[in-house]
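Enquirer: dropping a prediction and its sequence here:
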Amino acid sequence: MKITLIEGENQPSILLKGTGLIDSSLIYPKRRGDKLILLRKIRESSFDAVFVSFINSNYEMAVFSYLTGIGFRVGYYSNRSNYGKGCGLLYSWKISLPDLAKDRDEIELNLSLLEPWNREVRKSIIPPILEIPLSQKVWAREFLKIKGIKKNEFLIGFHPGAGKKMRFKCWPLDRFIELAHLLVKRRGVRIIFFGGPEEKEWKNLLIESLPQGSLVVIGELSLSQTASLISCCNLFISNDSGLMNLAYAVGVPVVAIFGPTQVPIPPKKGLHVIRSNLSCIPCYRYSTIKCRHRKCLIEITPEKVFEFLDKRKLIPDSLR
């Protein structure tokens with residue numbers, strides 16, 4: 001059996017190089033003409049099945065999978081929207097999302113796509129583990145050394161973003177900055193801020209506002225370099241984001257600040273969630289959000305996050 005990953009232009013398959021989990025990858029482009037070229041390439045290949053793992057019932061990918069001509073097409077559908085219903089018509093094996101999504105882990109949801117072959121597959125869930133190659137570990141340590149961060153210093157990674165289209169689930173940037181100041185002043189930790197190209201607009205503000213000695217690498221690194229540097233952190237504090245999942249995968253303790261989105265269920269060892277107790281959350285389901293006031297995030301203060309970290313002994317006991 002051979003597996004080909006169709007991925008976005010940020011090419012996450014770079015992280016899977018050498019793992020044996022995939023055999024090849026194809027980039028899903030943004031331009032319509034390039035999508036037609038990809039479609040033709042797939043139709044000329046001999047794929048037996050296609051799995052669409054977009055939990056939000058992505059209609060474009062459902063149509064694309066149908067146009068590939070692949071006979072066995074598996075994906076989610078939802079009766080909550082016309083788009084979601086349309087997805088169900090385009091798959092040869094469709095899985096009802098509303099029935100699955102409540103109180104279910106995303107890994108388990110994706111494994112449900114394999115049930116046509118084996119209904120016992122979800123019993124074999126294992127945590128995602130991403131091994132960092134030795135050469136990348138050496139690079140990361142040398143990078144930090146050049147930046148003045150010693151190996152014995154307690155290093156905390158921050159990710160204040162979540163992608164440009166997902167800003168509604170981000171804790172305010174000024175609160176990340178305030179939290180960084182609290183941690184440096186009270187516990188003497190070192191700080192490094194991560195982010196992608198879509199978050200570069202924050203870079204100058206962060207450089208000017210963060211405690212002296214903090215490192216800001218937003219928009220500077222490849223995905224593999226980002227993973228390598230995150231693996232050097234003692235703790236990672238983030239919104240509900242891709243880098244949150246990446247930090248968890250490389251084995252770094254994660255503190256995730258959640259607002260309108262569903263928290264991971266069941267709870268994961270090493271992933272600590274901070275969220276409000278409002279009855280309206282999670283209100284973001286199936287690509288829609290019911291409010292814009294973001295009270296669920298606003299009422300989480302930097303002091304509350306610090307107390308959360310201290311109580312769970314996720315930070316040093318005293319000033320280093």
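Expert: Yes, it's here.

Enquirer: show me the strands in the stretch 151-300 of the chain, by range?
Expert: 155-159, 190-193, 215-216, 235-239, 254-257, 271-274 (DSSP state E, counting those that start in this stretch).

Enquirer: quick check: neighbours of the shortest one in the sheet, parallel or antiparallel?
Expert: On the basis of DSSP bridges, the sheet neighbours of strand 215-216 come out as strand 190-193 (parallel).

Enquirer: how about the first one?
Expert: Here the strand partners of strand 155-159, with direction, are listed using DSSP bridges: strand 190-193 (parallel), strand 235-239 (parallel).

Enquirer: which parts of the stretch 1-150 of the chain are strands?
Expert: 4-7, 24-27, 49-52, 72-77, 93-96.

Enquirer: list of residues touching the longest one?
Expert: Among residues not part of strand 72-77, those counted as contacts by CB atoms under 8 Å, 6 or more residues apart in numbering are 48-55, 57, 61-62, 65-66, 84-88, 90-97, 100, 109, 113, 116. Placement of C-beta: from N, CA and C, glycine included.

Enquirer: mind listing what's buried in it?
Expert: 73-77 (16 or more other CB atoms under 10 Å).

Enquirer: what mean pLDDT does it have?
Expert: Averaged across strand 72-77, pLDDT comes to 88.

Enquirer: and the first one, by the same measure?
Expert: Here strand 4-7 scores 92 as its mean pLDDT.

Enquirer: then the second one?
Expert: Over the span of strand 24-27, the pLDDT mean works out to 92.

Enquirer: give me the contact list for that strand.
Expert: Here strand 24-27 makes contact (CB under 8 Å, 6+ apart) with 2, 4-9, 11, 13, 38, 41-42.

Enquirer: repeat that for the third one.
Expert: Residues outside strand 49-52 that contact it (CB under 8 Å, 6+ apart) are 58, 61-62, 65, 68, 70-76, 91, 113-114.

Enquirer: how about the helices in the stretch 101-250 of the chain?
Expert: Ranges of helices within the stretch 101-250 of the chain are 106-111, 134-146, 173-187, 203-209, 223-230, 242-249, based on DSSP state H, counting those that start in this stretch.

Enquirer: just want the angle from the last one to helix 223-230.
Expert: In this case it means helix 242-249. 60 degrees (axes from the mean of the first three to the mean of the last three CA atoms, to 10 degrees).

Enquirer: follow-up on the earlier one: nearest to D23 among the buried residues of strand 72-77?
Expert: V74 (19.0 Å; CB to CB).
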